[in-house]
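**Q** the following comprises the amino acid sequence and a computationally predicted model.
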Amino acid sequence: MTGLLRNAGEVDEAVLEIARRRWPLHKWNRYKNWDSTFLDFEGVSTILDVGCRTSHPLEIASFLKVQGRKVGVDIEATYDGWEIPDGCEFVLAPAEALPFHDATFDMVTCISVIEHGVDIPRFVKEMHRVLNPGGRFVITFDFWPGVEGALDFLDVSEMVEVIHELGCVVEPLDWSLKDRVIDDLFTVGAIRGVKRILRLTPD
């Protein structure tokens, strides 16, 4: 199930879940551990994290010793306290123009990035392009209707529509609103899905 972070208690549950998995916790933002609970590295050997400088998937993948290529992309190269995790690459590029061949990655993650001026339809198309058939994706974002810098229902609905048009399967969505968990201003949402495997039908 994907949807919204509905209350602060879910953040506490996420921290406990990440600890149960024996994964490293996010170093400076405990809310991002909620985002991390949507990650599943089983069967993954190639990972792309879009907007990686404040993100966590590559650090977890490095900790888990995922053996394949692990790449982070961002539009800026520096951020206080951020370092490229062991065994990972860094590429300077925008989310809407990923410099990779088609069908390169088993997983694409994008954690709380798209609300920061990203052209969401273009990003989703690029994400779909670089994903392998059967590849998984996790997109999270700041959310609250009418709050500047956060997505609203229309933004999310349009994004999901593009994802469906591209032939991806998205987990059922639960968009029930409750609390403005983050600084009493907004909450966080997550979408998780799979790029459909194309099957040729006989003539």
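**A** Looks like it arrived, so ask away.
**Q** could you check how far the residue nearest to Leu64 when sequence neighbours are not counted is from Ile60?
**A** Nearest residue to Leu64 in three dimensions, chain neighbours excluded: Phe41, at 5.8 Å (Cβ to Cβ, 6 or more residues apart in numbering). The C-beta positions use only the backbone N, C-alpha and C, and glycine is treated the same way. For Phe41, the distance to Ile60 (Cβ to Cβ, to the nearest Å) stands at 7 Å.
**Q** show me what contacts the residue lying closest to Asn29 once chain neighbours are set aside?
**A** Leaving aside its chain neighbours, Asn29 sits nearest to Thr54 (7.5 Å; criterion: Cβ to Cβ, 6+ apart). Applying Cβ atoms under 8 Å, 6 or more residues apart in numbering to Thr54 gives the contacts Asn29, Lys32, Tyr79, Trp82, Ile111, Ser112.
**Q** I'd like those residues as JSON lines, with distance to Glu158, secondary structure and neighbour count appended.
**A** Shown next, in JSON lines, are the contacts of Thr54 (distance: Cβ to Cβ, whole Å; DSSP: H, G, I helix; E, B strand; the rest coil; neighbours: other Cβ atoms under 10 Å):
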{"residue": "Asn29", "distance to Glu158": "27", "secondary structure": "coil", "neighbour count": "13"}
{"residue": "Lys32", "distance to Glu158": "25", "secondary structure": "helix", "neighbour count": "21"}
{"residue": "Tyr79", "distance to Glu158": "29", "secondary structure": "coil", "neighbour count": "11"}
{"residue": "Trp82", "distance to Glu158": "31", "secondary structure": "coil", "neighbour count": "18"}
{"residue": "Ile111", "distance to Glu158": "20", "secondary structure": "strand", "neighbour count": "25"}
{"residue": "Ser112", "distance to Glu158": "18", "secondary structure": "coil", "neighbour count": "21"}
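**Q** least confident of the residues you listed?
**A** Scanning the contacts of Thr54 for pLDDT, the low point is Tyr79. It has 61.
**Q** what's around the residue nearest to Leu131 when sequence neighbours are not counted, how many residues?
**A** Nearest residue to Leu131, sequence neighbours excluded (Cβ to Cβ, 6+ apart): Lys195, at 4.5 Å. For Lys195, the neighbour count with other Cβ atoms under 10 Å is 25.
**Q** ok, Lys195 to Thr104 distance?
**A** Taking Cβ to Cβ, one finds Lys195 at 12 Å from Thr104.
**Q** shared neighbours, these two?
**A** What both Lys195 and Thr104 touch, as defined by Cβ under 8 Å, 6+ apart, is the set Asn132.
**Q** in this structure, where's the longest strand?
**A** The longest strand of the chain (DSSP state E) is strand 131-143.
**Q** need the CA coordinates for that strand. PDB is fine.
**A** Below are the C-alpha coordinates for strand 131-143, written out as PDB (Å, rounded to 0.1, in the frame of the first residue of the first chain):
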ATOM      1  CA  LEU A 131      14.100   1.100 -15.800                       C
ATOM      2  CA  ASN A 132      14.400  -2.500 -16.800                       C
ATOM      3  CA  PRO A 133      11.200  -4.400 -17.600                       C
ATOM      4  CA  GLY A 134      10.000  -5.600 -14.200                       C
ATOM      5  CA  GLY A 135      12.000  -2.900 -12.500                       C
ATOM      6  CA  ARG A 136      10.700  -1.200  -9.400                       C
ATOM      7  CA  PHE A 137      10.400   2.400  -8.500                       C
ATOM      8  CA  VAL A 138       9.700   4.500  -5.300                       C
ATOM      9  CA  ILE A 139       8.800   8.100  -5.600                       C
ATOM     10  CA  THR A 140       8.100  10.200  -2.400                       C
ATOM     11  CA  PHE A 141       7.100  13.900  -2.200                       C
ATOM     12  CA  ASP A 142       6.000  16.600   0.100                       C
ATOM     13  CA  PHE A 143       2.200  16.900   0.100                       C
END
